[in-house]
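> I'll drop the sequence and a predicted model, then ask my questions.
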Amino acid sequence: MKSKWIAAIIAVVASAASGWAQTSLTLKDCIAYGIKNNGNVKIAQYKESTAVQQGREALAGYLPQVAGNASLDDNLKLQSTVLPGALFGGEDRRVALGTKYQSNASAQVDQVIFDQSLLVGIKANKPNQENATLNSRKTKETIIYNVANAYYQVFVTQQQIALLKDNLDKTSQILSTLKLQLDNGVIKKVDYDRTQVNLNNIKSQLTLAESNLTLSENQLKFQMGMPLTEQLVLADNPLNQPFKLVEPGQFDASNLTDFKIQNLNMDLQQLEKARIKAGYLPKVSVYGRYGVQALGNDLGTSWGNWFSYGAIGLKLSIPIFDSFRRDAQFKQADLNLMTQKEQLKLNVQNYELQNTNALTQLQKAKSNLASDENNVALAKEVYDVTTLQYREGTVPLTDLLNAETSYKESQSNYINSMLSYYQAKLGLEQSQGSLNNFYTALP
């Protein structure tokens, strides 16, 4: 009895664990999951942190710098010098100065007073961090687009599977009727075989669609940053609840994240020009040094007799001639800036083209979707009537098979139009720089 209770408890726990393993997500949930877990988001966050550290590095150049030094010299052979004989009333004398051992320890503090190139570098901190933030936003927009696109692909494939299963049932029913007619000698075997071929084709298409569904789900998990082994259950069907159609508005390239990034890059390039130009200016710094020294011919004895020294000073560095190196750097920076300005003009034209094409594609997709939806209804009506007529014996099998083929083709066209419609909507959101708004507005 006890073992039965244990088995029952294990079964309940296993069932609960299976339920917990399932993740039921809406489109908004999927995007939120991707924004949190996609590896590209983490990379963008690391780059934002890197920009902050670069700002600290630039600021450190204008703060005090402290360095310590220590040395121990063993003078294997002392350097000699010559003392004039006039000092001693005789000939010049060669003498060796110094001691065998010389120990020295010192510390120096340097403080920049004026360095225009460092000041310009500090000014670049803010746009550099803004640039990293915009790149994070661009990464987020890419994830929104990719996750939504993969999400729609999953449901479109599911819809395709549902239609194929419906066709499979209808064709199986026809085949059963034909089997009875074949057994009674009403039809020829070739008519039965042709329908069997259609049934086999539908089965093959269904197998392929089910495989494509697995691929679509895996692609969605990849874009979300979800482990492929985790079970994913989607909560809503966007085919039944399409998101709000984007109303065409006045296109403004400044709303695009790419446009903002390019403008910031030009600001940074302008600062780079200023930094190079600042290299022509003098640099002023102050320093203070303090140290101790020990001298002696015996190492141990010399360390017992230390004496100190110190100094403060002002240092002025004036660039005079660098063989036009800085001039070449400045002209390169200027050419890079002009290149970026021209590239931005081309990109704005490309953004306008993308927006125009997105509007055209959406209008075409919407028209095709409505037409194909009506065509499916019409083809189904023709197929149902033809099926009834065939059962009554008023039309040949060929008419029935043709009606079935037309019905399946209309369904396939409708599914393709459905996917194109949702992709066109996403494309318009992307071209107008409103993917974040699209994500926020999702239920």
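Looks like it came in fine. Residues are numbered from 1 along each chain as shown.
> Please, where are all the strands along the stretch 151-300 of the chain?
Secondary structure of the stretch 151-300 of the chain (DSSP state E, counting those that start in this stretch): strands at 232-234, 283-296.
> Can you give me the buried ones in the longest one?
Neighbour-count burial for strand 283-296 flags Lys283, Ser285, Arg289, Gly291, Gln293, Ala294, Leu295, Gly296 (criterion: 16 or more other CB atoms under 10 Å). Every residue, glycine included, has its C-beta placed from N, CA and C.
> Excluding chain neighbours, what is closest to the fourth one?
In space, not counting the residues next to it along the chain, Gly291 is nearest to Ser106; the distance is 2.8 Å by CB to CB, 6 or more residues apart in numbering.
> Parallel or antiparallel, list what pairs with the helix or strand where the one you found lies.
Assigned by DSSP states H and E, Ser106 belongs to strand 101-114. Here strand 101-114 is paired, per DSSP bridges, with strand 65-74 (antiparallel), strand 283-296 (antiparallel).
> May I see those organised as CSV, with mean pLDDT added?
Shown next, in CSV, are these (pLDDT from 0 to 100):
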stretch, mean pLDDT
strand 65-74, 94
strand 283-296, 94
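> Distance to Asn201 added to those, as CSV?
Shown next, in CSV, are those (distance: least, CB to CB, whole Å):
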stretch, distance to Asn201
strand 65-74, 79
strand 283-296, 81
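> out of these, nearest to Ala148?
strand 65-74 (51.6 Å; CB to CB).
> what about dumping the CA coordinates of the closest one to PDB?
Presented in PDB, the C-alpha positions along strand 65-74 are these (Å, rounded to 0.1, in the frame of the first residue of the first chain):
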ATOM      1  CA  GLN A  65      49.300  60.800 -11.200                       C
ATOM      2  CA  VAL A  66      51.500  59.200  -8.600                       C
ATOM      3  CA  ALA A  67      54.500  57.000  -9.400                       C
ATOM      4  CA  GLY A  68      57.100  55.400  -7.200                       C
ATOM      5  CA  ASN A  69      60.600  54.300  -8.100                       C
ATOM      6  CA  ALA A  70      63.300  52.300  -6.300                       C
ATOM      7  CA  SER A  71      66.800  51.200  -7.400                       C
ATOM      8  CA  LEU A  72      69.900  49.500  -6.100                       C
ATOM      9  CA  ASP A  73      73.200  49.900  -8.000                       C
ATOM     10  CA  ASP A  74      76.300  47.800  -7.500                       C
END
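> and that strand, how far from the chain's centre?
Centroid displacement of strand 65-74 relative to its chain, using CA atoms, centre = their mean, to the nearest Å, is 48 Å.
> The chain should start at 23 in everything you say after this.
With 23 as the first residue, the last one maps to strand 87-96.
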